[in-house]
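[1] Predicted model, plus sequence, below.
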Amino acid sequence: MRQLRIRTLAGVFAVALVLSWAGTRMLDALDSLPTVPVAAPIVLAVIATVLLATALSLRSRLKAQRERTPGAKGVEPMMAARAAVFGQASALVAALVAGLYGGTGIFLLVDDLDSAARREQAVYAGLSLLTGIAVVAAAIFLERVCKLPEDHDDDPSLPA
């Protein structure tokens, strides 16, 4: 399994941001501006918390396993692989979602914020963008925790 690249996540984010901004602009011209749900930043924050808790738990268990601490609970390889895949999938989806809400938020900030409803939507979009970035950060951390140590079988300087 390949490690997720920041460049890929940034590309997904940028494309989603531009498409969301253009789509929001078009829908506003038709007087049907999409709304940002109140639950969006809450759900993203919960996902970021779950990812971070999983990463910290796995990191402490792997450290105890490496140090051969008596009674340490080991980490099954399949569990670590599933956690890494969960992290990668979460990072990709969060980059997409953050881009979508970011584009909507940019449109709302550039457009007039005279009405309370638009200000409220801009706040929700901004919070969703920030919590989406938090999900990406937690997912990358989880992926790094689950990374296997480098394989030195190909290095001729090491003893066999």
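    Happy to help now that I have it.
[2] any idea how far the residue nearest the centre of the chain is from residue 116?
    Centroid-nearest residue in the chain, with Cα atoms, centre = their mean: residue 136, separated by 2.2 Å. Relative to residue 116, residue 136 is positioned 31 Å away (Cβ to Cβ, to the nearest Å). Bear in mind the C-beta positions are built from the backbone N, C-alpha and C, glycine included.
[3] do the same with residue 128
    Using Cβ to Cβ, we find residue 128 at a distance of 19 Å from residue 116.
[4] neighbour-wise, which of those two wins?
    residue 128 (27 against 8; other Cβ atoms under 10 Å).
[5] Hmm, the more buried one is touching residue 98, no?
    Yes: Residue 128 lies in contact with residue 98 (Cβ atoms under 8 Å); the separation is 7.1 Å.
[6] Okay, helices next: where are they in the protein?
    With DSSP state H, the ranges of helices along the chain come out as 6-29, 39-66, 77-110, 116-145.
[7] May I see the ones you listed arranged in CSV, with mean pLDDT as well?
    Below are the helices of the chain laid out as CSV (pLDDT from 0 to 100):
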stretch, mean pLDDT
helix 6-29, 95
helix 39-66, 93
helix 77-110, 93
helix 116-145, 94
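[8] For the closest residue to residue 75 other than its chain neighbours, give me its contacts.
    Closest residue in space to residue 75, ignoring its immediate chain neighbours: residue 61 at 5.1 Å, by Cβ to Cβ, 6 or more residues apart in numbering. By Cβ atoms under 8 Å, 6 or more residues apart in numbering, the residues touching residue 61 are 72-75.
[9] again with residue 68
    Neighbour list for residue 68: empty [criterion: Cβ under 8 Å, 6+ apart].
[10] Quick check: the gap between it and residue 80.
    Counting by Cβ to Cβ - residue 68 and residue 80 are separated by 18 Å.
[11] Residue 99 now?
    For residue 99 relative to residue 80 (Cβ to Cβ), the value is 29 Å.
[12] Mind checking which of the two has more residues around it?
    residue 99 (25 against 18).
[13] Apart from its neighbours in sequence, what residue is nearest the more buried one?
    residue 16 (2.7 Å).
[14] my read: that neighbour touches residue 92, true?
    No: the pair residue 16 / residue 92 is not scored as a contact, 10.7 Å apart, by Cβ under 8 Å.
[15] Please report the distance of residue 30 from residue 114.
    As for residue 30, its distance to residue 114 is 20 Å (criterion: Cβ to Cβ).
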